[in-house]
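A.B. asks: Need a 3D model of the sequence below.
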Amino acid sequence: MIIGRKIVHYPEIDSTSDEARRLVKLGEREGLVIVADRQTGGRGKPGSGWFSPEGNLYFSTLLKPYRNPPALAPITLFSALAARSALSRLVDLPIMIKWPNDLLVRGRKIAGVLVEGMGGYLIVGIGINVNMSEETLPMELRGKATSLIMETGTSHDLKRLSRLLIKELNDYYSMFLGGDK
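C.D. replies: Sure, this is the predicted structure:
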């Protein structure tokens, strides 16, 4: 297993991806997973934030694929596929991927993937709306975002979803590497 060799959990942090950057500078390596209950500075696509209240899954992992940069494009795609697969193992919902990095249920965003580079490493950040109610959403996101609890009417175990996501990401990453790790 590559992804999940080490897992660090924070009740609250600015951003799991920013923490990954800090930990790389302290010598952490490929496979590290950072999970937070809440983010105060989560990011989505460049220039936008990611609303990050408690009750959702905020996740980043470090990858160090030894490939040329043009060969790295599939990482965003397989990360979205892994998130979709993990969610599908947990719930029966029509989860669609809006290529390359958004997951939608009935046209509303339930998850997002952001891949950023840093000195030979890739930081794969994934945010999944899990136990967030409609009332929790800022007005500008209502009708645009959803969560598992909003779609199913029941709360979901974040630790279980995190384990499923780690397994799926690790499986997809191993296939990407050609099974050489």
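A.B. asks: Give me the buried positions along stretch 14-27.
C.D. replies: 14, 15, 16, 17, 18, 19, 20, 21, 23, 24 (16 or more other C-beta atoms under 10 Å). All C-beta spots, glycine's among them, are computed from the backbone N, C-alpha and C.
A.B. asks: Apologies, that question was intended for stretch 119-136.
C.D. replies: If you call a residue buried by 16+ other C-beta under 10 Å, then stretch 119-136 has these buried ones: 121-132, 136.
A.B. asks: Report the central residue of the chain.
C.D. replies: Geometric centre of the chain, nearest residue: residue 126, 1.4 Å, by C-alpha atoms, centre = their mean.
A.B. asks: How about the secondary structure of it?
C.D. replies: Three-state assignment for residue 126 (DSSP: H, G, I helix; E, B strand; the rest coil): strand.
A.B. asks: ok, residue 64 - contacts?
C.D. replies: 29, 30, 120, 121, 122 (C-beta atoms under 8 Å, 6 or more residues apart in numbering).
A.B. asks: Just name the closest of those residues to residue 170, please.
C.D. replies: residue 30 (11.3 Å; C-beta to C-beta).
A.B. asks: backbone phi and psi for the closest one, please?
C.D. replies: Here is the backbone geometry of residue 30 (degrees, to the nearest 10): phi -50, psi 140.
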